[in-house]
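J.: sequence and predicted model, in that order:
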Amino acid sequence: MRCEGGNREMVATVVDRLAEILPEDRISVDPRTRQSNSEDYAWFSNVLEEDLGGCRADVVVWPTTAEELADVLAVAHGTRTPVTARGGGTGNYGQCVPVRGGMVVNLTKMNRVLELGEGLARVEAGVKFADLDRAANSTGQEIRIYPSTYLTATLCGFVAGGSGGIGSVAHGVIADGNVLAATVYPVLDAPKPRHLTGAELGSIIHAYGTTGVLVDVTVPLARRTEWEQAVFSFPDIVACHGFALDLIEDRSVPKRLLTGVEPGVTRYFGRARLPFPAERTSAILMYGLGCRERVERLAGRQGGRLEFALPQDSRTRLSDFTWNHTTLWAKKADDSLTYLQTGWSVDRFGEQVHAIQAEYGDDFAMHCEYFRADGSAFTAALPIIRYKGREHLDRMVEFVESVGVGVANPHRYVLEEGSKVENVEELLRAKRENDPAGLLNPGKFQAAFAAGEQSGHTFKPASMTLARQRVL
Ligand code: FAD
């Protein structure tokens, strides 16, 4: 894609205005800095890598307080400059790639834990999960859910761009009560903070920062638990699935992570030098310390056995082999591999896997994540697939959907093309209120574009691939 950016004169004006409110070392027009602040992990997709390559911000800024952020957004509004919020930059679909250039607002210097109470924490936008968890641990608590990018992802980046992760097996995905409150700033001449709670939070969750810039969020905390990290093995993914459903239903075992991966995926974990079995499907688990016997009994019913458990003082995180870290391992081993994001019918799982693997064989290796929401179990999968061109990929998506598996297509950067957005009207309302000039992460929210978002960019007719089920 040829990315649209501002002309030189315009950029100079914007930089001059920014220099009135921020010190020199927190404004950058250096090409390398602009490049590194304009990329995320879209390269997991061969398609997005091609579609988004070359997109670059004109200027990067680092506010350190809410007041500075408000001033930056006022400059953006006054000069009609596109503005894209950036946290850790670990998103997978080019969410924070500034496809129309303009300003990238890097929020990682807004990184204070503002409040740590009984059962909740309020943090600034750029706080990283590992930092909040460490602070929570010191009060006998822990974060409830986090992406496998624990060390690098920010809380607000997760709320605006993520879905679920470690802990979701017990606490559901982000929208399942895992954000209690948030403060957003609009892009206006004099932005004032807006405090959101309850149902209002739907207007910013997974909206790719197109409906407001988050300055802080309040998240629930859980009582700290001692977890055991272990790998069990099973004859195949269907036996592993049976075990996973039994374990989810067993309320006597506290759980934090429940992942199933076929040998076609674990083969790429080689460099980690952990004894993953070569021929059997692995279940990667975090369960309450002291529950091993119970888990072994449940596994035994499906032909499962313990392969290894990490010592309590191990610094290895088995979560580094789960969620989208599996794609990272595969991609690093072989660039022709990529992935899909899919939602499965819990009951028809075996039949669906067999149908897809009969068609695609080794080019579709299963990786399942289990989570629980509203009392029900969900099976999401991020299978590792071989990329053989756009048409082949589109046909594979069609085939997978034809057997009743929902796809949230990770090879699309437009919000509604990536997954089913059920609250378009709510997002549009927030967009109109918080971003009337259409400057926030433009090009990502197609409905806003259709409703008159400012731009000369024309979208191709949408080839929507909507997930039918709740997926990542
Ligand atoms: P960024 O990538 O910086 O931003 C994500 C989106 O949020 C962008 O649209 C950006 O504009 C917007 N945004 C950022 N900050 C703000 C703000 N303050 N206000 C408004 N909008 C904002 N995701 C999961 O859900 N679960 C996983 O387990 C998971 N595992 C991953 C594993 C790997 C190896 C990788 C590369 C990615 C994974 N992801 C996962 C995706 C990503 O890591 C998470 O969604 C992460 O939480 C994003 O946080 P971030 O700070 O990096 O956000």
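T.: Yep, it's here. What you are looking at is a predicted structure, and each value in this text was computed from that prediction instead of being measured. Numbering: from 1, shown residues only.
J.: burial of residue 67, as a residue count?
T.: Residue 67 has 11 neighbours, counted by other CB atoms under 10 Å. (Glycine included, C-beta is placed from N, CA and C.)
J.: now do the same for it: its pLDDT.
T.: For residue 67, the pLDDT comes out at 98.
J.: tell me how far it lies from the ligand.
T.: Between residue 67 and the ligand the computed distance is 15 Å (CB to the nearest ligand atom, to the nearest Å).
J.: quick one, phi psi at that residue?
T.: Main-chain torsions, residue 67, degrees, to the nearest 10: phi -70, psi -40.
J.: cool, and residue 42?
T.: According to degrees, to the nearest 10, residue 42 has phi -60, psi -20.
J.: ok, it touching residue 92?
T.: Yes. Between residue 42 and residue 92 there is a contact under CB atoms under 8 Å: 6.8 Å.
J.: for residue 59, name its beta-bridge partners.
T.: Here residue 59 sits in beta bridges with residue 103, going by DSSP bridges.
J.: any part of stretch 107-116 near the ligand?
T.: Yes. Contact of stretch 107-116 with the ligand is found when judged by CB under 6 Å from any ligand atom, involving residue 107.
J.: let the chain start at 43 from now.
T.: Sounds good: first residue 43 from here, last item stretch 149-158.
J.: which parts of that stretch are buried?
T.: Neighbour-count burial for stretch 149-158 flags 149-153, 155, 158 (criterion: 16 or more other CB atoms under 10 Å).
J.: return the closest of those residues with respect to residue 104.
T.: Within these, the smallest distance to residue 104 is 4.8 Å, found for residue 151 (CB to CB).
J.: which one of the buried residues of stretch 149-158 is nearest to the ligand?
T.: Taking CB to the nearest ligand atom as the measure, the ligand sits nearest to residue 149 out of these, at 4.8 Å.
J.: now do the same contact list for the closest residue to residue 457 other than its chain neighbours.
T.: Nearest residue to residue 457 in three dimensions, chain neighbours excluded: residue 487, at 5.1 Å (CB to CB, 6 or more residues apart in numbering). By CB atoms under 8 Å, 6 or more residues apart in numbering, residue 487 lies in contact with 249-250, 252-253, 456-458, 469, 473, 495.
J.: can you tell me what sits against stretch 170-181?
T.: For stretch 170-181, the external contacting residues (CB under 8 Å, 6+ apart) are 130, 153, 155, 158, 163, 165, 184-185, 188-189, 191-197, 200, 261, 263, 266.
J.: I meant to write stretch 83-99 there.
T.: If you take CB under 8 Å, 6+ apart as the criterion, stretch 83-99 is touched by 43-45, 47, 73, 76-77, 79-80, 126, 132-136, 139-141, 143-146, 366, 369-370, 373, 377-378, 380-381, 429, 432, 435, 452-455.
J.: and residue 469, what is it in contact with?
T.: For residue 469, the contact set (CB under 8 Å, 6+ apart) comprises 245, 249, 252-253, 463, 487, 489-490.
J.: the helix or strand in which it is found close to the ligand?
T.: Secondary-structure element containing residue 469, defined by DSSP states H and E: helix 466-476. No. Helix 466-476 stays clear of the ligand (CB under 6 Å from any ligand atom), getting no nearer than 10.4 Å.
J.: check stretch 300-318 too.
T.: No. Residues of stretch 300-318 contacting the ligand under CB under 6 Å from any ligand atom: none, with a closest distance of 10.2 Å.
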